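> Structure here, sequence nowhere to be found:
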């Protein structure tokens, strides 16, 4: 971590309205600065006569350059320019994570999201925000629900067309889109249309897209909780089925910011639905088959979690370089020598392990670990109604044996007996 700057660096949020839109305290900080760091667009908004400071453009990539720039200008009155609210998808997070919050004084400006909600009449607290700045557009798919309002922070002039195509592909073609350009500036403008009929050419690069989500009548409905329809996944039969999947995620109990190992990924459904529970949830899925690994990658992108890490390799060897997990799910390969023990040892106190099987051999392993470490050993049975001649009967799926356990200080050893 870089030592704190001797005097706090002032981080000033600025809007598309530039210098005239800044409050007096922000103008005074910029006028007093000896060095101002910012992007070319933000720096160009400052009048030279009012801000005579040396101007420094952020290099690319930005994050690795932050410590060196702060150190280079140590002792100078330093200001950093940010777009809108620096702490909302802005440079503020990078700065405070790099040098600590005490090194900075932040003067926010209304964010583009605040401006957008004001223009379209949406309550800010009831609006979902997705940033596509430096992020895959597939992230948008995770928040698409009928009737929801979503604001998309654009990566550039082509983003509206990209969003329209994604909405159409994911079954939300009837959604209404409003593109708001240069929010807060004299050149502010807006135009709208329906995603599936989008014909607008690229406009201004500085834009925010307001989307009113409308699901097409024939589109597959995806809920907000684990247990998505099996039809939501591309698979070759290696899929934790819907009802068992919902029970498995309940046992894994994802919480914001936690990391999952999904061992024996198959179609990736457990890792995908773990990540869909909260934007900050992370997951690594390990799958030995390259074909299935590719399928997992496609499922993750389609269902809105393109950040899922797919590791192609056999466990437990493929686990050695992964970051420590908060939870582990084993859906395949339980009989691989040392796998269960390796997964258990990787967990810290409070970590959860859930393993499913349909074979007697693997069931014996789970029973042994249940004896050694406690937890819950459960038999999950699901039956579906099917036609039987002119009547209806039950068809039983193979029962699934599930062991789930939370690692405690008392169960961290190998064998309490």
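Ah, there it is. What you are looking at is a predicted structure, and each value in this text was computed from that prediction instead of being measured.
> How about the backbone phi and psi for residue 53?
phi -60, psi 160 (degrees, to the nearest 10).
> Can you give me the neighbour number for it?
19 (other C-beta atoms under 10 Å). To be clear about C-beta, it is placed using only N, CA and C from the backbone, and glycine gets the same treatment.
> In contact with it, which residues are there?
Residue 53 sits next to 30, 33, 34, 35, 36, 79 when contact means C-beta atoms under 8 Å, 6 or more residues apart in numbering.
> Tell me the buried residues in the host helix or strand of residue 248?
With elements taken from DSSP states H and E, the one containing residue 248 is helix 242-252. For helix 242-252, the buried set under the neighbour-count rule, 16 or more other C-beta atoms under 10 Å, comprises 242, 243, 244, 245, 247, 248, 249, 251, 252.
> ok now that helix, how far from the chain's centre?
21 Å (C-alpha atoms, centre = their mean, to the nearest Å).
> again, but for stretch 155-166
19 Å.
> so what's the residue nearest the centre of the chain closest to, chain neighbours aside?
For the chain, the residue nearest the mean C-alpha position is residue 279 (3.8 Å; C-alpha atoms, centre = their mean). Of all residues not flanking residue 279 in the chain, residue 142 sits nearest, at 7.5 Å (C-beta to C-beta, 6 or more residues apart in numbering).
> Are we agreed that that neighbour is in a strand?
No - counting by DSSP: H, G, I helix; E, B strand; the rest coil, residue 142 is not part of a strand but helix.
> Next up, the contacts around residue 223.
Residue 223 touches nothing, counting by C-beta under 8 Å, 6+ apart.
> secondary structure class for it?
From three-state DSSP, the assignment for residue 223 is coil.
> and what of the one 5 residues further on?
Using three-state DSSP, the three-state assignment for residue 228 comes out as coil.
> close enough to count as contact, it and residue 302?
No - using C-beta atoms under 8 Å, residue 228 is not in contact with residue 302; the gap is 11.1 Å.
> which of the two has more neighbours?
residue 228 (21 against 17).
> Helices along the protein, start to end?
With DSSP state H, the ranges of helices along the chain come out as 24-32, 40-43, 66-72, 91-99, 112-120, 159-169, 242-252, 269-276, 290-302, 339-346, 360-373.
> What count of nearby residues applies to the residue nearest to residue 279?
Neighbour tally, residue 142, other C-beta under 10 Å: 20.
> ok, now how distant is it from residue 93?
Note on residue 142: its distance to residue 93, by C-beta to C-beta, to the nearest Å, is 21 Å.
> residues contacting the residue nearest to residue 77 when sequence neighbours are not counted?
Closest residue to residue 77 apart from its sequence neighbours, by C-beta to C-beta, 6+ apart: residue 34 at 4.5 Å. Contacts for residue 34 (C-beta under 8 Å, 6+ apart) come out as 53, 54, 76, 77, 78.
> which of the residues you listed are buried?
53, 76, 78.
> In terms of model confidence, name the weakest of the residues you listed.
Within the buried ones among the contacts of residue 34, pLDDT reaches its minimum at residue 76, with 91.
> what's in contact with the helix holding residue 248?
225-230, 240, 260, 269-270, 273-274, 277, 327, 329, 352, 354, 356, 376, 378, 380, 382, 400, 402, 404.
> pLDDT weak spots in this protein?
1-7, 412-417 (pLDDT under 70).
> if you set the cut-off to 90 instead, what comes out?
Filtered on pLDDT under 90, the chain yields the residue ranges 1-8, 60-66, 69-71, 74-75, 90, 98-103, 332-333, 409-417.
> which one among the buried residues of helix 242-252 gets closest to residue 149?
residue 249 (27.0 Å; C-beta to C-beta).
> Tell me the spatial nearest neighbour of residue 348, not counting adjacent residues.
residue 324 is the one closest to residue 348 (C-beta to C-beta, 6+ apart), at 6.5 Å.
> which ones are touching that neighbour?
259, 346, 347, 348.
> So how do I select the buried members of the residues you listed in ChimeraX?
Listed next is the ChimeraX selection for buried residues among the contacts of residue 324, using 16+ other C-beta under 10 Å:
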select :259,346,347
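> Looking at the contacts of residue 324, which is nearest residue 288?
Using C-beta to C-beta, the contacts of residue 324 come closest to residue 288 at residue 346, 18.3 Å.
> mind checking how far that closest one is from residue 147?
Residue 346 is 42 Å from residue 147, by C-beta to C-beta.
> same deal with residue 133?
Taking C-beta to C-beta, one finds residue 133 at 26 Å from residue 147.
> Who has more neighbours out of the two?
Of the pair residue 133 and residue 147, residue 133 is the one with more neighbours under other C-beta under 10 Å, namely 13 against 8.
> what's the closest non-adjacent residue to the more buried one?
residue 155 (5.1 Å).
> quick one: the one you found and residue 134 touch, right?
Yes - counting by C-beta under 8 Å, residue 134 is a contact partner of residue 155 at 6.9 Å.
> So for the two, which sits in the more crowded spot?
residue 155 (16 against 8).
> what residues are up against the more buried one?
Neighbours of residue 155 in contact, by C-beta under 8 Å, 6+ apart: 132, 133, 134, 135.
> Show residues contacting stretch 390-400.
Against stretch 390-400 from outside (C-beta under 8 Å, 6+ apart): 241, 244, 356-358, 379-387.
> Could you do stretch 257-266 as well?
By C-beta under 8 Å, 6+ apart, stretch 257-266 touches 235, 238-240, 252, 254, 268, 270-271, 274, 278, 280-287, 292-293, 296, 310, 315, 319, 322-333, 339, 343, 346.
> now do stretch 339-347
261, 263, 315-316, 319, 324-328, 330, 333-334, 353, 355, 365, 369, 373, 407.
> try it again with 6 Å
315, 316, 328, 353, 369, 407 (C-beta atoms under 6 Å, 6 or more residues apart in numbering).
> Pairing partners for the closest residue to residue 126 other than its chain neighbours in the sheet, please.
Among residues not flanking residue 126 along the chain, residue 149 sits closest, at 6.8 Å (C-beta to C-beta, 6+ apart). In this entry, residue 149 is beta-bridged to residue 212, by DSSP bridges.
> I appreciate the help and will end here.
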